[in-house]
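> take this sequence and fold it.
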Amino acid sequence: MSQENVEIVRRVYDAFNRREFDRLFSEIYDPRIEWQTTREDPDAATHRGFDGVRRYGAQWIGSFEDLHADVEEILEAADDRVFTWARWTGRGRGSGIDSEWWFAIVFELRDGKVRRAAEYFDRAEALEAVGLSE
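Down below sits the predicted model:
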């Protein structure tokens with residue numbers, strides 16, 4: 001099942017980069033999804049359900065032009081979890097400044113759907129969270 005989970009998570013990034021949001025919600029996300037932002041986020045929160053996750057995603061899309069994620073690392077972990085480390089790029093809508101940052105997302109899957117996602121700016125912390133400490 002783990003390799004299947006890795007492929008599902010790859011589809012998350014593919015759908016996001018293609019702006020196929022309806023696909024995310026109809027095919028990939030569980031209706032009870034929870035999305036935890038990084039604790040360093042000034043508006044750190046857990047977004048719940050399709051409506052909460054849509055609003056959160058819309059904030060990101062609204063803040064950056066050409067927002068794009070390049071997955072640099074993807075690892076299967078125990079308990080139907082998948083670790084990803086991605087490089088994000090975009091141009092600030094208000095500032096016009098090109099931005100680049102990295103962060104991890106740990107995905108938890110149930111029955112072939114993403115049930116939970118948790119963001120981490122600290123790669124080592126995210127790896128530890130899934131039992132893959134370096």
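> please enumerate the helices of the protein.
2-17, 21-23, 49-63, 123-129 (DSSP state H).
> for the chain, which spans come out with low pLDDT?
1, 134 (pLDDT under 70).
> what about the closest residue to Glu4 other than its chain neighbours, distance to Pro42?
For Glu4, ignoring the flanking residues on the chain, the nearest one in space by CB to CB, 6 or more residues apart in numbering is Gly112 at 7.0 Å. Where C-beta positions appear, they are placed from N, C-alpha and C, glycine not excepted. Counting by CB to CB, to the nearest Å, the separation of Gly112 from Pro42 is 34 Å.
> please apply the same query to Ala58.
Here the distance between Ala58 and Pro42 works out to 17 Å (CB to CB).
> and the residue sitting nearest the centre point of the chain, what does it touch?
The centre of the chain sits closest to Ile105, judged by CA atoms, centre = their mean, with a distance of 4.9 Å. Ile105 makes contacts with 84, 86, 117-120, 126, as judged by CB atoms under 8 Å, 6 or more residues apart in numbering.
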